[in-house]
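Q: show me the folded form of this:
(4 chains)
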There are 4 protein chains.
Amino acid sequence: MVRKVAFAVACLLLQLPLLAVAQAQSPAVAAVVEELVAANRILAAKGILPGYGHVSARHPENSSRYLISRSLAPELVTADDIVELDLDSVPVSSSAPRVYLERFIHGEIYKLRPDVNAVVHNHTPTVISFGIGSTPLRPVFHQAAFFLDGIPIWDYRDFGTADGALVDTPERGAALARALADRPVVLMRNHGVAVVGSTLPMVVARSITLELNAEIQSQALARGDEIVYLEQDAESPGSTFDRAWDLWLRQLEAD
Amino acid sequence: MVRKVAFAVACLLLQLPLLAVAQAQSPAVAAVVEELVAANRILAAKGILPGYGHVSARHPENSSRYLISRSLAPELVTADDIVELDLDSVPVSSSAPRVYLERFIHGEIYKLRPDVNAVVHNHTPTVISFGIGSTPLRPVFHQAAFFLDGIPIWDYRDFGTADGALVDTPERGAALARALADRPVVLMRNHGVAVVGSTLPMVVARSITLELNAEIQSQALARGDEIVYLEQDAESPGSTFDRAWDLWLRQLEAD
Amino acid sequence: MVRKVAFAVACLLLQLPLLAVAQAQSPAVAAVVEELVAANRILAAKGILPGYGHVSARHPENSSRYLISRSLAPELVTADDIVELDLDSVPVSSSAPRVYLERFIHGEIYKLRPDVNAVVHNHTPTVISFGIGSTPLRPVFHQAAFFLDGIPIWDYRDFGTADGALVDTPERGAALARALADRPVVLMRNHGVAVVGSTLPMVVARSITLELNAEIQSQALARGDEIVYLEQDAESPGSTFDRAWDLWLRQLEAD
Amino acid sequence: MVRKVAFAVACLLLQLPLLAVAQAQSPAVAAVVEELVAANRILAAKGILPGYGHVSARHPENSSRYLISRSLAPELVTADDIVELDLDSVPVSSSAPRVYLERFIHGEIYKLRPDVNAVVHNHTPTVISFGIGSTPLRPVFHQAAFFLDGIPIWDYRDFGTADGALVDTPERGAALARALADRPVVLMRNHGVAVVGSTLPMVVARSITLELNAEIQSQALARGDEIVYLEQDAESPGSTFDRAWDLWLRQLEAD
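A: Predicted structure coming up:
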């Protein structure tokens, strides 16, 4: 306790942000923080989070909390920027720096979905184009089997149009989470997408795969093709996204 | 005055261009010049000003003047290249270097629009495609709410076609500014676009958002989709483009 | 033999993977391994193998074996990662590291096609889009003459849909090889493509050309064009892909 | 003469290619060679000549000769690779290294067009797509005014289809030049394009502009738009491609 106060005083004296996730936390938390920083940087490098958007992870030791960067472009996030929030998206520390306006996307999904440990919110052009159009975004290749049950679209217009399309209140976050229901992805009308997973590598791979799927589907439809969508009755026997995660980590090192 | 003459003589002796915006100006001007250089480089890095096009800012201490680079690719602009012009787009210094042929876009807009402090003129392929086609460029996602009132198209053919599509006379600049009226954006038939804002970060963010919106809208239409356009009755509660501006500045440093 | 045992013991002591292709092999094998590493890296750099997909080469001294990387992103492959497999896709060394799940694509094609010495399996968005759509992928430019006889599509649904679209069994690999028959390319429904050639430079050039052809054809069809497909009655007088291969090698060095 | 023989002997001893354009030539030739190397590298960097394609310049002191690289990817071309050919595309030096198979494009155009001093042959996907389709490539923006008179398409099928689509004989080159006639651009069915100009900077800028125009026109048509094509009755008052050329040169230095 004395140590924490000293840390806070030092921060104030040095005009550093007083972070909710102190450096002295458990190895489990430190590991998730490190993975969360990597997820931010990988998704920035892949063009999924180019200045806007965010990724979070459930706290590994307290399932009613989650970890997310302070309001910052994902490309710039470091461990020092990670803040701890409760599931109402209120920072645990009263002196935490400002977090993203749309943090409720994360908190409200963690509330309704105990199986979810990681959430990405992004707005790439290709994915947004499916949130404004009349074509359902459907799996067209083997890696996209995870959304065979379809992708719902949450519509901000249910709340009227006076306040725009952002998910910037707890009520909107809760409505989005209900629209997501038990699916891995929910599109947001005129805005973007939320992708969920049980781990950070899974949600990163799913976000990248969703983008690829949207590109492939768009290209075939632009030619005027009839599409044979992916069919699969059972879960695929395994996933290879660990291989990709390793690559993405090494690409970050090479930058 | 003696100092300025000495500076001019030194420039002549050293064969440097004699710049209208001297190094010894006020901190307010120096700050805008610095921001203008950053805007040039950010828009070049984002592909909005790839060798062609330009960005300007109104003079912070004299609203009947504006600042813009001498005729130079935006990627190469430094503080030494910034020239001061009056609103007729005549350089304040008689020995100023050559400025862009289409500088009248800027001057004439500043004349008619006291609320405007920054102007971008660009011609990215995606945006041009809306200046040649029959589909109106309309907001499809939340960041694009700023042009909910629509984008007019100025048509050079009003001046006949003998002299081409460029805005290379005061008369054409004035006609373009009248077509813009009170909007944030005006398309230019078979040419490009002019985007305006109250600050440089705003006009940079708007230029990038316009490009994204054009991409998203094109992609959905190419699939043959019906589009649900953005609806919003009131101004969005705030803007997050400061976060993006910070990122873009840091990306310049990393180059 | 003693030497190999010593090498294995050293590997175990040093916790290195025990590789099937030892360092002490013939110059012919070393040359193919070097070329195979380059092929991995070139195809990664060109976006054909971005984290997923693989390339292999037939063993130059034993036509019933082939060489392929252990399960690793192509961008990261080095000579030490190359494994030797028999045509049933079983590693020659019982202590070989894990190889790609879909290695059967390679082994079963080498079995049926004695003229083939190199195989690429990839899933770029543009090529996949032809494996989900109704437009046949057909040659539209001179470099694409190699598939004038057409590209068959192998359909995983022949095996039912319970296990997904991957070629992860010998039976599926054999069915794919039969669908390929005597052609240079076979598309895989909802998945990707396999490209074959008599050398690694040829199969790399073919993979890149196939991607370009798919882009060109898609773009013309998206405009609504009628297409004049390539016509050619005889083999082209020669190939210039050696020039490209040299370039790609130098680009790797420059990275 | 003695000096040239000594140079040739030294080349042979050192196993260097015996170049037709010796180091000891006039400043005018050296300047064109330098500009030609820059043109090669700029067009490679811009994706117009990515491993394939070529650019040439007429000899500045002998209008019945032209300069072009030996058979080499444009990205790698240096002054030492430039070869001098007569207008039958025969190297002036009997010991010159091998030149591009399709050099006749250049020689035959220089024969018929005394106003032309620089030629580019390229095959970017977007441009090729107009050489396979039914939509005429027409100017849609101000920089593209140079081809307001339309772009003819030369069709290799006039020579039968047995030998493919390449311009690899003097007869085919002459037919292509006749198809070009007095225009700045000729498309080649199922193959690519030839662009001509009075200087290297002009032909480089035209090649890049043609690519942009093709992208813009394709994008509008893919949306299903009606297009308002560029109209202009007189030559535009000037060109700004010198500004772009300066930028491109500096970008090469920064690489």
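
Q: for the residue nearest the centre of chain A, give me its contacts.
A: Closest residue to the average C-alpha location of chain A: A:V120 at 1.1 Å, with Cα atoms, centre = their mean. For A:V120, the contact set (Cβ atoms under 8 Å, 6 or more residues apart in numbering or on different chains) comprises A:39, A:43, A:48-49, A:53-55, A:194-196, A:203-204, A:206-207. Every C-beta, even on glycine, is put in place using the N, C-alpha and C of the backbone.

Q: rerun that using 7 Å as the cut-off
A: A:43, A:55, A:195, A:203, A:207 (Cβ atoms under 7 Å, 6 or more residues apart in numbering or on different chains).

Q: which ones are touching A:D242?
A: Contacts of A:D242 by Cβ under 7 Å, 6+ apart are A:P201.

Q: now do A:T169
A: A:F104.

Q: residue ranges for the helices of the stretch 101-250 of chain A, please.
A: Here the stretch 101-250 of chain A has its helices, by DSSP state H, counting those that start in this stretch, at A:104-112, A:125-132, A:170-180, A:200-222, A:241-254.

Q: how about those helices in a markdown table, adding distance to B:L112?
A: What follows is the helices of the stretch 101-250 of chain A, written out as a markdown table (distance: least, Cβ to Cβ, whole Å):
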| stretch | distance to B:L112 |
| --- | --- |
| helix A:104-112 | 42 |
| helix A:125-132 | 33 |
| helix A:170-180 | 39 |
| helix A:200-222 | 40 |
| helix A:241-254 | 49 |
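
Q: tell me which of those sits nearest to D:A31.
A: Ranking the helices of the stretch 101-250 of chain A by proximity to D:A31 (Cβ to Cβ) places helix A:241-254 first, at 39.8 Å.

Q: what about that closest one, average pLDDT?
A: Helix A:241-254 shows a mean pLDDT of 80.

Q: and stretch A:37-56, by the same measure?
A: 95.

Q: what about that stretch, near chain C?
A: No - applying Cβ under 7 Å from any Cβ of the partner chain, one finds stretch A:37-56 separated from chain C by no less than 9.7 Å.

Q: gap between the two ends of that stretch?
A: Using Cα to Cα, to the nearest Å, one end of stretch A:37-56 lies 10 Å from the other.

Q: does it reach chain B?
A: Yes - Stretch A:37-56 lies within reach of chain B by Cβ under 7 Å from any Cβ, at A:51-52.

Q: again with stretch A:193-202
A: No - Stretch A:193-202 does not reach chain B (Cβ under 7 Å from any Cβ); its nearest approach is 11.4 Å.

Q: nearest to chain B, of the contacts of A:V120?
A: A:L43 (13.8 Å; Cβ to the nearest Cβ).

Q: surely that closest one is within a helix?
A: Yes - the assignment for A:L43 (DSSP: H, G, I helix; E, B strand; the rest coil) places it in a helix.

Q: any idea how far it is from A:E211?
A: Using Cβ to Cβ, to the nearest Å, A:L43 is found at 10 Å from A:E211.

Q: what's the pLDDT at the residue nearest to the centre of chain A?
A: 98.

Q: can you check A:V33 too?
A: Among the per-residue scores, A:V33 holds a pLDDT of 98.

Q: then A:H59?
A: The predicted local confidence for A:H59 is 98.

Q: burial count for the residue lying closest to it once chain neighbours are set aside?
A: Nearest non-adjacent residue to A:H59, counting by Cβ to Cβ, 6 or more residues apart in numbering or on different chains: A:R65, 3.9 Å away. A:R65: 18 surrounding residues under other Cβ atoms under 10 Å in any protein chain shown.

Q: next: A:I208.
A: By other Cβ under 10 Å, the residues close to A:I208 number 24.

Q: quick check: closest non-adjacent residue to it.
A: A:K46 (5.7 Å).

Q: which one of the residues in the stretch 51-200 of chain A is closest to chain B?
A: A:G133 (3.2 Å).

Q: state the phi and psi torsions of that residue.
A: Backbone geometry at A:G133, expressed as degrees, to the nearest 10, gives phi -110, psi -180.

Q: tell me the pLDDT at the nearest residue to it once chain neighbours are set aside?
A: In this structure, A:G133 finds its nearest non-sequential neighbour in B:D225, 3.2 Å apart by Cβ to Cβ, 6+ apart. On the pLDDT scale, B:D225 is placed at 97.

Q: any idea how far A:P50 is from A:E61?
A: Noted for A:P50: a distance of 32 Å to A:E61, by Cβ to Cβ.

Q: so which of those two has more stuff around it?
A: A:P50 (21 against 11).

Q: which ones are touching the more buried one?
A: For A:P50, the contacting residues are A:A44, by Cβ under 7 Å, 6+ apart.

Q: can you check A:L112 too?
A: Here A:L112 is in contact with A:177-178 (Cβ under 7 Å, 6+ apart).

Q: pLDDT wise, what is it at?
A: For A:L112, the pLDDT comes out at 98.

Q: count the neighbours of the residue in chain A that chain C sits nearest to for me.
A: In chain A, the residue that lies nearest chain C is A:D225 (3.2 Å; Cβ to the nearest Cβ). Residues lying near A:D225 (other Cβ under 10 Å) number 18.

Q: ok, it touching C:G131?
A: No - between A:D225 and C:G131 there is no contact under Cβ atoms under 7 Å: 10.9 Å.

Q: in this structure A:P91 contacts A:I82, no?
A: No - judged on Cβ under 7 Å, A:P91 makes no contact with A:I82 at a distance of 11.3 Å.

Q: more neighbours, these two?
A: Per other Cβ under 10 Å, whichever of A:P91 and A:I82 has more neighbours is A:I82, with 23 against 19.

Q: perfect, that will be all.
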